[in-house]
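>>> Build me a model from this:
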Amino acid sequence: MPTVLINILFVALILVSTPLLATPPLRADLPVLKLAMFHNPPYYFTENVVQPHGLSLDLLKPASRQLGLQIQIVVCPFSTCLKLAQTGEVDIVAGLIQNPEREQYLHFIQPAMMNFVSSFAFYSQHSQPHTIHNVGDLAGRSVVVMRDAIYFAEFDKATDFKKIAVDNEAIALKMVHQGHGDYVITVEQTADGSFREAGLDPNELKRQPYHVDQNIRGYLAFSRKSPNFQLAPKLEQLLEQQYRAGMFHLLWQKYRLPAIKAQVQKYPAESLITKPTE
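Next up, the predicted model:
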């Protein structure tokens with residue numbers, strides 16, 4: 001195994017086995033990479049903590065050291081993080097699902113930082129008499145969603161029901177529990193943190209029969225308007241090396257992300273990594 005990959009794997013083992021240390025003061029002599037982070041336990045923690053921490057920071061730290069960069073965390077609600085990326089006020093937003101609209105102002109760094117199979121599931125109060133078995137059953141009802149989030153195509157395109165947008169999934173769960181919406185949509189495999197954040201036991205809401213299984217990939221996305229966008233190809237190359245060295249998989253275990261059978265990821269032609277000619 002090449003020395004650089006051994007070093008990356010060594011750093012990965014340290015990250016997995018030890019808690020994240022407090023972020024040191026920013027150094028004036030190093031370029032700054034601004035990472036937008038939103039509160040989304042158990043993967044990103046920005047509220048009621050000494051220092052923001054989470055999966056995206058664990059992944060970026062080794063690569064940023066190799067590039068001679070320091071990371072400045074910008075804490076923001078999910079929708080605000082997206083707006084800051086649109087204008088280039090932050091360099092990177094983490095944990096985003098890729099779609100054509102976002103690709104207009106973001107480059108999705110390969111490989112995906114999160115890659116797992118889960119259901120998009122719907123919850124309601126136990127007293128909700130209307131059961132849903134498909135998207136059509138939502139007609140005339142209300143669903144609490146995370147503002148500017150992407151779910152699955154049929155749901156995202158539907159217009160015959162009301163979508164109530166809030167800042168995070170925990171608030172969405174609370175809204176339905178308190179009767180301020182008929183249903184809430186969640187990523188079921190990773191919703192435990194949101195239930196805890198909402199102060200709810202999952203059994204306090206009723207899981208509806210309708211669900212949609214999907215391979216969900218969340219990406220680190222680099223703002224195309226960022227003054228540091230020229231760093232994207234090198235950062236992508238280093239992260240691919242870390243992935244192939246096993247660092248991503250170790251961190252997925254640390255954060256208890258469910259594994260999928262085929263972990264090898266295929267990169268789209270739009271990837272900024274320059275492939276050698278054969």
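
>>> which stretches of the stretch 51-200 of the chain form helices?
Taking DSSP state H, counting those that start in this stretch as the test, the helices found in the stretch 51-200 of the chain are 55-66, 78-87, 100-103, 153-157, 169-177, 192-197.

>>> which residue is nearest the centroid of the protein?
Geometric centre of the chain, nearest residue: Gly95, 1.8 Å, by CA atoms, centre = their mean.

>>> right, and that one touches Ser56 too?
Yes. Using CB atoms under 8 Å, Gly95 makes contact with Ser56 at a distance of 6.6 Å. (Glycine included, C-beta is placed from N, CA and C.)

>>> Common neighbours of those two, please.
Tyr43, Tyr44, Met113 (CB atoms under 8 Å, 6 or more residues apart in numbering).

>>> In those, which residue is surrounded by the most others?
Met113 (26 neighbours; other CB atoms under 10 Å).

>>> which residues does Phe161 contact?
Leu138, Ala139, Gly140, Arg141, Ser142, Val143.

>>> got it, and Phe38?
So Phe38 contacts Tyr44, Thr46, Val75, Cys76, Pro77, Phe78, Cys81, Asn168 (CB under 8 Å, 6+ apart).

>>> Can you report how many residues lie near the last one?
Neighbour count of Asn168, defined by other CB under 10 Å: 22.

>>> Tell me where the model's unsure across the stretch 1-150 of the chain.
Filtered on pLDDT under 70, the stretch 1-150 of the chain yields the residue ranges 1-30.

>>> hmm, 50 instead?
The stretch 1-150 of the chain contains residues with pLDDT under 50 at 4-6, 12-24, 26.

>>> what ranges do the strands span in it?
32-37, 44-45, 53-54, 70-75, 92-96, 106-108, 114-124, 142-146 (DSSP state E, counting those that start in this stretch).

>>> tell me which strands and helices the last one is in contact with?
It refers to strand 142-146. Secondary-structure packing of strand 142-146 (3 or more CB pairs under 8 Å, 6 or more residues apart in numbering; DSSP states H and E): strand 162-166, helix 169-177, strand 183-187.

>>> can you list those in TSV and add mean neighbour count and distance to Lys254?
Below are the helices and strands packed on strand 142-146 laid out as TSV (neighbours: other CB atoms under 10 Å; distance: least, CB to CB, whole Å):
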stretch	mean neighbour count	distance to Lys254
strand 162-166	16	29
helix 169-177	22	21
strand 183-187	26	19
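
>>> Distance check, the nearest residue to Leu82 once chain neighbours are set aside against Lys61.
Closest residue in space to Leu82, ignoring its immediate chain neighbours: Asp148 at 5.5 Å, by CB to CB, 6 or more residues apart in numbering. Taking CB to CB, to the nearest Å as the measure, Asp148 falls 27 Å from Lys61.

>>> For Leu205, which residues are in contact?
Tyr123, Ser124, Gln125, His126, Leu173, Val176, His177, Val184.

>>> Nothing else from me, thank you.
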